[in-house]
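S.K.: structure for the following, please:
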Amino acid sequence: MSVETEASATSLALSDVNINWERLDKTKFHVIGAILFTAQMGSLHPISVVKTRMQVVEGTLAHMNGFSVFKNIMRNDGIRGIFRGFGTSAVGSLPGRVLALTSLEISKEMVLKHTEHMKMPETTRVGLANGVAGMVSNVVSCAYYVPLDVICQRLMVQDLPGISTYNGPFDAIRGVLRTEGVRGLYRGFGLTMLTMSPANALWWGAYGAAQHLIWKTLGYGGHSEKKPSHLELVSVQATAGTVAGACSSVITTPIDTIKTRLQVMDNYGAGRPSIRKTTRLLIEEDGWAGFYRGFGPRFLNMSLWGTSMIVTYELIKRLSLKQE
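M.R.: Alright, predicted model coming up:
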């Protein structure tokens, strides 16, 4: 069977899975997305708080495991402590999510159309389209999300030694602007752009390729025109999301550790914090193992995030289909 025939058959059999941008009601897509993604973000926020604190804390606390850090937060601050920064993150993410999802879907559709007649395996084509879309989405939304990330992470760790204390997000913004200007809100921007865009491309590319391979393994595509059940849809998407999230966490944790410390820590002595200073201080404190501080919570967070995010995302797309 030719590549074109295989692609056509696969598309026909899995048309309920691969819902493209043109088939979506855009208003429903963004409204439902805002509701469901906020709920998903809330369920994983405590893990993010633990991960961030593990990456930033110094001294004897630096060697506590994730569960011990969680217990320490609960003992000192209760439920409020593990949800620090959530309100700012949830409300602030809404405009950024519109940018990210729109650019993701449009760029994926464009790549799929431009590669439609190229002689390449369909798995490669789907992985390429998802990977390019993930990178474009990250580049488009990065200018918005980096300042939000800086403020949210400062709120998460503000009771730690050597970290400034703020009375809410607006006070944090004023504090950063007063001491560093607008540049302070973009700490780690270059590092985020240069590293997280490829990482996002890796996540979406791995997800697209993994999902396509699983469907083929289960007998969908090719000459088959059977449609997957709802349980099969969720199971395959969740599995592909877990695989993509796990792979991404292993590769990106060292960079995420440097970025987090660069964005929230101020005790660098004279001069502005830099990637070099941050890296040197981390190595001095904990050796090369320090780059994987918070790896357990991050691995768990990325795996759970990958699973829940993609299942939520695909559900949003199905709920947002135009009436035909």
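S.K.: verify the assumption that residue 84 is located in a strand.
M.R.: No - Residue 84 is assigned coil when assessed by DSSP: H, G, I helix; E, B strand; the rest coil, not a strand.
S.K.: so who does it touch?
M.R.: Taking CB atoms under 8 Å, 6 or more residues apart in numbering, we find residue 84 in contact with 49, 77, 155, 156, 158. The C-beta positions use only the backbone N, C-alpha and C, and glycine is treated the same way.
S.K.: quick one: it from residue 211, how far?
M.R.: 35 Å (CB to CB, to the nearest Å).
S.K.: in ChimeraX, how would I select just the buried ones from the contacts of residue 84?
M.R.: The ChimeraX selection below is limited to those of the contacts of residue 84 classed as buried (16 or more other CB atoms under 10 Å):
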select :49,155,156,158
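S.K.: now, which of the contacts of residue 84 sits nearest residue 191?
M.R.: Residue 191 has its nearest neighbour among the contacts of residue 84 in residue 156, at 18.8 Å by CB to CB.
S.K.: output the contacting helices and strands for the helix or strand that contains the closest one.
M.R.: Element membership for residue 156 (DSSP states H and E) is helix 122-157. Helix 122-157 sits against helix 3-13, helix 26-56, helix 86-114, helix 169-180, helix 182-185, helix 189-217, helix 230-264, with contacts defined as 3 or more CB pairs under 8 Å, 6 or more residues apart in numbering; DSSP states H and E.
S.K.: buried ones in it?
M.R.: So for helix 122-157, counting by 16+ other CB under 10 Å, buried means 122-142, 144-157.
S.K.: now swap in stretch 35-43 and tell me
M.R.: So for stretch 35-43, counting by 16+ other CB under 10 Å, buried means 36, 37, 38, 40, 41.
S.K.: could you find the closest non-adjacent residue to the last one?
M.R.: Pointing back at residue 41 there. residue 90 (6.0 Å; CB to CB, 6 or more residues apart in numbering).
S.K.: what's the burial count for residue 197?
M.R.: Other residues near residue 197 come to 17 when the count uses other CB atoms under 10 Å.
S.K.: can you check residue 90 too?
M.R.: Around residue 90 there are 18 residues (other CB under 10 Å).
S.K.: what pLDDT is listed against it?
M.R.: Reported pLDDT at residue 90 in the predicted model: 85.
S.K.: wait, it sits on residue 43?
M.R.: No - contact criterion CB atoms under 8 Å: residue 90 and residue 43 do not qualify, at 11.7 Å.
S.K.: is it true that residue 43 touches residue 308?
M.R.: Yes - between residue 43 and residue 308 a contact is recorded at 7.1 Å, counting by CB under 8 Å.
S.K.: contacts for whichever strand or helix holds residue 304, please.
M.R.: Here residue 304 is covered by helix 295-319, with elements defined by DSSP H and E. Defining contact as CB under 8 Å, 6+ apart, one finds that helix 295-319 is touched by 16-17, 19, 24, 28-29, 32-33, 36-37, 40, 43-44, 47-48, 50-51, 54, 65-66, 203, 207, 233-234, 237-238, 240-246, 248-250, 253, 256.
S.K.: so that helix versus helix 230-264, what angle?
M.R.: 130 degrees (axes from the mean of the first three to the mean of the last three CA atoms, to 10 degrees).
S.K.: for helix 295-319, what does the pLDDT average out to?
M.R.: In the prediction, helix 295-319 has an average pLDDT of 81.
S.K.: with stretch 249-256 instead?
M.R.: pLDDT averaged over stretch 249-256 gives 80.
S.K.: and it, how far from the chain's centre?
M.R.: 12 Å (CA atoms, centre = their mean, to the nearest Å).
S.K.: got the buried residues for that stretch?
M.R.: Result for stretch 249-256 [16+ other CB under 10 Å]: buried residues 249, 252, 253, 254, 255, 256.
S.K.: nearest to residue 287, of the residues you listed?
M.R.: Nearest to residue 287 among these, with distances taken as CB to CB, is residue 254, at 12.6 Å.
S.K.: so what's that closest one up against?
M.R.: 291, 292.
S.K.: next: residue 199.
M.R.: By CB under 8 Å, 6+ apart, the neighbours of residue 199 are 248, 251, 252, 255.
S.K.: distance of it from residue 56?
M.R.: 20 Å.
S.K.: how about residue 208, nearest residue that isn't a chain neighbour?
M.R.: residue 130 (3.1 Å).
S.K.: verify the contact between that neighbour and residue 210 for me.
M.R.: No - Residue 130 is not in contact with residue 210 according to CB under 8 Å; the separation is 9.9 Å.
S.K.: okay, now residue 171: neighbour count?
M.R.: Quick note: residue 171 (other CB under 10 Å) scores 14 neighbours.
S.K.: per-residue pLDDT, it?
M.R.: 90.
S.K.: and it, what does it touch?
M.R.: Taking CB under 8 Å, 6+ apart, one finds nothing in contact with residue 171.
S.K.: ok, so what distance separates it from residue 185?
M.R.: From residue 171 to residue 185 the distance is 14 Å (CB to CB).
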